[in-house]
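Undergrad: structure for this input, please:
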Amino acid sequence: MGQRGNDTADRLISFFELSESIPEVKRRLFIRLQLAVMFLLITRIVLSPILGFDWFNLVASLLMILFLVVWTWFLWRRRERQELLLFVVFFGSAAWLLMVMLYNVLQVPLESPNESLLRVASPWFIWLVLIYMVCFLTFRARSALRMSLMLSILCMLLLLVPVIRAAVAKPTILYDFALLYVANILVISLAFPLAQTQERNSQTDFLTLLTNRNGGYSRLVVEIERAQRYEEMFAIILFDIDHFKKINDTCGHPCGDAVLREFGAFAGEHTRRTDLLCRWGGEEFLLIMTHTDLASARLKADHLRVQFKNRPFHQNIFLTASFGVTAYYPYDSANSMLERVDEALYRAKRNGRNCVEAE
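TA: All right, here's what the predicted structure looks like:
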């Protein structure tokens, strides 16, 4: 049973492209948000004699409070599969919202289905729009798109029976329901490209148009998670342009920027599509190589070193680069790998530059 649960979790992580960990700020924000929702639900229960008592809503609120208590505790205590925990919280809350919406819609009297059904369903659709937006702000754009579409389809299937029942009395209800549903789809279709653009801009270096440090670090974390889960290997190369400050001092910063752009583009031409090249900072670049061992990564670094040395860049400037190489080992973290590759790079600099040093 435990193995089956792990397999299901792995499939969810793979399909929705969920990360192992989340930023500490986001973790604390969601813990506070869940506590706020619990407070609102408790307030609703306390005020139920005034607002209108209903056994289903009472039980549903109590179950939701219990659900949030359990997953808030998990999110507070656990440090692994944190984005999967957020996914469960998100989808569990959305499912609860849909079930309560379905119950309230089914209470609509058949005598006035058109007006009453729309009056009951419309506020819940507004809450769904809010959930979509939170989803796109929380997860990667593609992950959020898949979640939102699944939620939208589930919403349509749940409301299909009461809508058809109401349409028997008033056929115009089908048009009204379709209008509400299409509006939700439009929200998703507009939120996706905006989230994609924001995600791309936040992970792209403005000068070289390569992935920036933030995107490179995120990809490194993902590769470590994949290596741990599937026992795969990969390597990273950190390289630095030698004496780059001299270029800025003698030729000016515009010339230095042009050299960086050409250098990044040239390095990208000599990497595989499955690898990721990012500008790590200043004149430093990081190359993440999938399915690569230490020996192969070292050969690749030496190949790049020779290519850089023999290629003239902006204003016929020749330059060299120093390289540090390391590979993934079991129980490695992103920080431990970066520390090793950084030490290797500095050894290359101490050894005269224009060379490759492995861990």
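Undergrad: can we go C-alpha only for contacts and neighbour counts from here?
TA: Will do.
Undergrad: now for the longest helix belonging to the chain, which elements pack on it?
TA: Using DSSP state H, we find that the single longest helix of the chain is helix 172-202. With contacts taken as 3 or more Cα pairs under 8 Å, 6 or more residues apart in numbering; DSSP states H and E, helix 172-202 sits against helix 113-138, helix 141-169.
Undergrad: hmm, try it at 6 Å
TA: helix 141-169 (3 or more Cα pairs under 6 Å, 6 or more residues apart in numbering; DSSP states H and E).
Undergrad: what helices or strands is the helix it packs on leaning on?
TA: Counting by 3+ Cα pairs under 6 Å, 6+ apart, helix 141-169 packs on helix 113-138, helix 172-202.
Undergrad: tell me the mean pLDDT over the first one?
TA: Average pLDDT, helix 113-138: 77.
Undergrad: circling back to that earlier point, only the buried residues of the next helix or strand after the longest helix of the chain, if you could.
TA: Per DSSP states H and E, helix 172-202 leads on to helix 213-230 as the next helix or strand towards the C-terminus. Neighbour counts over helix 213-230 (16 or more other Cα atoms under 10 Å) mark 213-217, 219-228 as buried.
Undergrad: same thing with stretch 132-144?
TA: Buried residues in stretch 132-144 (16+ other Cα under 10 Å): 132-133, 135-136, 138-144.
Undergrad: got it, and stretch 149-166?
TA: 149, 151-152, 155-156, 158-159, 162-163, 165-166.
Undergrad: equivalent analysis for stretch 308-317, please.
TA: 308, 313.
Undergrad: who touches it?
TA: For stretch 308-317, the external contacting residues (Cα atoms under 6 Å, 6 or more residues apart in numbering) are 259, 318-320.
Undergrad: widest-spaced pair of the residues you listed?
TA: Val259 and Thr320 (12.2 Å; Cα to Cα).
Undergrad: the spatially most central residue of the chain: what's it in contact with?
TA: With distances taken as Cα atoms, centre = their mean, the residue of the chain nearest its centroid is Arg140 (3.2 Å). Residues near Arg140 by Cα under 6 Å, 6+ apart: none.
Undergrad: ok, back up a step: show me the contacts of stretch 308-317 that map onto helices.
TA: Per DSSP H, the subset of these in helices is Val259.
Undergrad: re earlier: next, format the buried residues of stretch 149-166 as CSV and append pLDDT and distance to Arg305.
TA: Compiled in CSV, those are given as follows (pLDDT from 0 to 100; distance: Cα to Cα, whole Å):
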residue, pLDDT, distance to Arg305
Leu149, 89, 47
Leu151, 87, 50
Ser152, 87, 52
Cys155, 84, 56
Met156, 83, 57
Leu158, 82, 60
Leu159, 81, 62
Pro162, 79, 68
Val163, 78, 67
Arg165, 76, 72
Ala166, 75, 72
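Undergrad: between these, which is nearest Arg78?
TA: Distances from Arg78 to those, taken by Cα to Cα, are shortest for Leu151, at 26.6 Å.
Undergrad: for the closest one, give me its contacts.
TA: With contacts defined as Cα under 6 Å, 6+ apart, Leu151 has no neighbours.
Undergrad: quick revisit: Val259 and Thr320 - which one has more neighbours?
TA: Val259 (25 against 20; other Cα atoms under 10 Å).
Undergrad: pLDDT at the more buried one, what is it?
TA: 95.
Undergrad: quick one: contacts for it?
TA: His314.
Undergrad: for Ile247, which of the helices and strands packed on helix 141-169 is the nearest?
TA: Of the helices and strands packed on helix 141-169, nearest to Ile247 by Cα to Cα is helix 172-202, at 28.2 Å.
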